[in-house]
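S.K.: Any chance you can model this:
(one chain, ligands or ions: 1)
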Amino acid sequence: MTTKEYIDLEEKYGAHNYHPLDVVITKGERVWVYDVEGKKYLDFLSAYSAVNQGHCHPRIINALKTQAEKITLTSRAFRNDQLPLLEKEICELTGYEKILPMNSGAEAVETAIKTARKWGYKIKGIEKDKAEIIVCSNNFHGRTITIVSFSTEEQYRDGFGPFTPGFVVIPYNNIDALINAINKNTVAFLVEPIQGEAGIIIPDDGYLRKAFEVCKDANILFIADEIQTGLGRTGKLFAYEYEEIKPDILIVGKALSGGTYPVSAVLSSKEILGVFKPGDHGSTFGGNPLASAIARESLKVIIEEKLPEKSAELGKYFLDKLKTIKSKHIKEIRGKGLFIGIELLPEAGGARRFCEALKEEGLLCKETHENVIRLAPPLVIKKDEIDWAYERIKKILENLD
Ligand SMILES: *Cc1c(COP(=O)(O)O)cnc(C)c1O
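M.R.: Below is the predicted model:
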């Protein structure tokens with residue numbers, strides 16, 4: 001079948017809730033993907049950072065196959081021999097005392113919200129049904145009704161009401177707004193250390209640290225959504241490490257499975273995750289043995305292949321190089337590690353046409369909002385592959401009218 005035939009099928013039978021680039025991928029290896037016509041592309045999105053370890057990492061695929069042949073799902077009505085090992089390993093790696101495993105990122109965010117609310121009622125003593133969670137404008141935390149209830153993106157909400165109450169939206173990167181939004185019913189502040197979907201928005205140095213201190217003083221939980229920024233993407237295992245803080249609740253997903261399977265988790269202390277009693281919360285697939293075995297190996301690959309260090313080093317190299325590009329379209333280039341955004345001027349005609357031109361050059365990028373090209377290759381990328389990508393990005397930014 002041709003590219004066009006696959007696209008026609010999808011247009012006909014699929015719901016049109018995405019607007020993908022017209023490339024039909026059939027195979028992937030490390031940083032490269034191949035389309036059904038046999039054309040090869042460098043993946044510069046990494047499935048929104050789920051594939052930090054590279055496509056079909058042999059160790060992760062091996063863990064998947066080995067576990068799949070033993071047992072895949074017990075449900076948590078029974079115990080399995082993989083989850084306890086994941087629990088121990090991820091807690092030792094991150095320094096958290098407890099984990100609650102889920103599947104998708106949005107489910108982990110929902111779990112963190114439930115955790116914070118229950119903590120508010122049970123430990124902090126908030127009056128019934130009064131809990132408030134502070135979030136930031138331009139946030140992205142997923143797509144459930146509760147999560148889009150506090151999105152500031154009109155399209156994410158349009159047609160989906162009525163919404164879940166109990167959220168207060170403040171501007172990102174604004175400490176006074178946080179201080180002013182806190183009241184006796186506030187239980188938590190939920191924040192992305194870098195706003196990925198908003199277009200790689202990096203707050204001022206010190207913002208997260210100050211926000212964390214404000215939360216401590218007010219006895220409210222600081223919740224970091226590191227589903228996209230975590231697990232090496234920004235040049236540290238977690239982006240919060242840049243500010244030498246320890247969020248009360250940490251949300252992880254995406255690269256926790258190296259892109260092979262949906263695995264997410266909420267990490268926190270004994271006291272905070274201790275609010276759950278049997279029956280309070282759950283998921284049929286959460287913590288299943290296949291997911292646990294995959295997550296264990298995915299974490300080992302990140303650490304043993306030093307992916308955070310590679311991201312820091314190559315990210316800096318790449319960012320410095322990108323900043324030498326002279327193009328009338330560029331407004332700003334910013335990034336941390338291999339998490340880089342090229343913001344185009346409004347008159348550039350949108351990032352989409354640049355991504356389409358880059359695709360023709362063999363580089364797969366995705367526009368983020370109207371005007372940002374996000375550059376986030378798998379962290380196993382090599383320097384000469386960055387150079388290869390750089391030449392193409394430079395050519396398109398300099399030559400496209
Ligand atoms: C992707 C993402 C989510 C949602 O994860 P899903 O697996 O798509 O539900 C939540 N928060 C952030 C920061 C993300 O990047």
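S.K.: How far off centre is stretch 20-27?
M.R.: Centroid separation between stretch 20-27 and its chain, computed with C-alpha atoms, centre = their mean, to the nearest Å, is 21 Å.
S.K.: Looking at that stretch now, give me its mean pLDDT.
M.R.: What stretch 20-27 shows for mean pLDDT is 96.
S.K.: So which residues lie in contact with that stretch, not counting its own?
M.R.: With contact meaning C-beta atoms under 8 Å, 6 or more residues apart in numbering, stretch 20-27 is reached by 3, 6-7, 33-36, 41, 355-356, 359, 364, 366. Yep, even glycine has a C-beta here, placed from its N, CA and C like the rest.
S.K.: ok, so what distance separates Glu107 from Leu42?
M.R.: From Glu107 over to Leu42 the distance is 31 Å, taken as C-beta to C-beta, to the nearest Å.
S.K.: What of Cys136?
M.R.: The gap separating Cys136 from Leu42 is 32 Å, by C-beta to C-beta.
S.K.: Neighbour count: the two, which is higher?
M.R.: Between Cys136 and Leu42, counting by other C-beta atoms under 10 Å, Cys136 is the more crowded of the two (25 against 21).
S.K.: I figured the more buried one hits Val191, correct?
M.R.: Yes. Counting by C-beta atoms under 8 Å, Cys136 does reach Val191; the two are 5.7 Å apart.
S.K.: Identify the contacts common to these two.
M.R.: Counting by C-beta under 8 Å, 6+ apart, the residues touching both Cys136 and Val191 are Tyr172.
S.K.: Next up, the contacts around Ala357.
M.R.: Counting by C-beta under 8 Å, 6+ apart, Ala357 touches 396, 400.
S.K.: got a pLDDT number for it?
M.R.: Looking at Ala357, its pLDDT is 97.
S.K.: same question, the one 5 residues further on
M.R.: With respect to pLDDT, Gly362 scores 98.
S.K.: Find the residue closest to it in space, skipping its chain neighbours.
M.R.: With sequence-adjacent residues excluded and distances taken as C-beta to C-beta, 6 or more residues apart in numbering, Gly362 is closest to Tyr41, at 5.2 Å.
S.K.: Please settle this for me: is the one you found part of a strand?
M.R.: Yes. Checked against DSSP: H, G, I helix; E, B strand; the rest coil, Tyr41 lies within a strand.
S.K.: May I have the phi/psi pair for Phe222?
M.R.: When quoted as degrees, to the nearest 10, the phi and psi of Phe222 stand at phi -100, psi 110.
S.K.: Please give the number of neighbouring residues around the closest residue to it other than its chain neighbours.
M.R.: Nearest residue to Phe222 in three dimensions, chain neighbours excluded: Cys215, at 4.2 Å (C-beta to C-beta, 6+ apart). For Cys215, the number of neighbouring residues by other C-beta under 10 Å comes to 23.
S.K.: wait, isn't Asp280 in contact with Lys118?
M.R.: Yes. The pair Asp280 and Lys118 passes the contact test of C-beta under 8 Å, sitting 7.4 Å apart.
S.K.: between these two, who's got more neighbours?
M.R.: Under the neighbour definition other C-beta under 10 Å, Asp280 and Lys118 were set side by side, and Lys118 has more, 19 against 10.
S.K.: Which strand or helix spans the more buried one?
M.R.: Using DSSP states H and E, Lys118 maps to helix 105-119.
S.K.: Name only those of the contacts of stretch 20-27 that count as buried.
M.R.: Among these, the ones that count as buried by 16 or more other C-beta atoms under 10 Å are 33-35, 41, 355-356, 359, 364, 366.
S.K.: how would you label Lys88: helix, strand or coil?
M.R.: Here Lys88 is recorded as helix under three-state DSSP.
S.K.: What's the local residue count around it?
M.R.: By other C-beta under 10 Å, the residues close to Lys88 number 12.
S.K.: Kindly give the local confidence score, pLDDT, for it.
M.R.: We have a pLDDT of 98 for Lys88.
S.K.: what's the straight distance from one end of stretch 151-161 to the other?
M.R.: Across stretch 151-161, the terminal residues are separated by 12 Å (C-alpha to C-alpha, to the nearest Å).
S.K.: Apologies, that question was intended for stretch 361-377.
M.R.: Its start and end residues considered, stretch 361-377 measures 16 Å (C-alpha to C-alpha).
S.K.: ok so, going back, point out the ones among the buried ones among the contacts of stretch 20-27 that are inside strands.
M.R.: 33-35, 41, 364, 366 (DSSP state E).
S.K.: can you name the two of those residues that are farthest apart?
M.R.: Of all pairs drawn from these, the greatest distance, 18.1 Å, lies between Tyr34 and Lys366 (C-beta to C-beta).
S.K.: quick one: contacts for the closest residue to the ligand within the stretch 101-250 of the chain?
M.R.: Closest residue of the stretch 101-250 of the chain to the ligand, C-beta to the nearest ligand atom: Gly105 (2.1 Å). Going by C-beta under 8 Å, 6+ apart, Gly105 touches 141-142, 227, 251, 253-254, 264.
S.K.: what's the neighbour count on the nearest residue in space to it that is not next to it in sequence?
M.R.: Excluding the flanking residues, the one nearest Gly105 by C-beta to C-beta, 6+ apart is Gly253, at 3.6 Å. Neighbour count for Gly253, taken as other C-beta under 10 Å: 29.
S.K.: didn't Gly253 look like it was pressed against Tyr261?
M.R.: No. Using C-beta under 8 Å, Gly253 is not in contact with Tyr261, being 11.2 Å away.
S.K.: Switch the ones in strands among the buried ones among the contacts of stretch 20-27 over to TSV; also include distance to the ligand.
M.R.: TSV is the format used below for those (distance: C-beta to the nearest ligand atom, whole Å):
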residue	distance to the ligand
Val33	19
Tyr34	25
Asp35	24
Tyr41	22
Leu364	18
Lys366	13
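S.K.: Can you add distance to Gly125 and give those back as JSON lines?
M.R.: Below are these laid out as JSON lines (distance: C-beta to C-beta, whole Å):
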{"residue": "Val33", "distance to Gly125": "52"}
{"residue": "Tyr34", "distance to Gly125": "57"}
{"residue": "Asp35", "distance to Gly125": "57"}
{"residue": "Tyr41", "distance to Gly125": "55"}
{"residue": "Leu364", "distance to Gly125": "51"}
{"residue": "Lys366", "distance to Gly125": "45"}
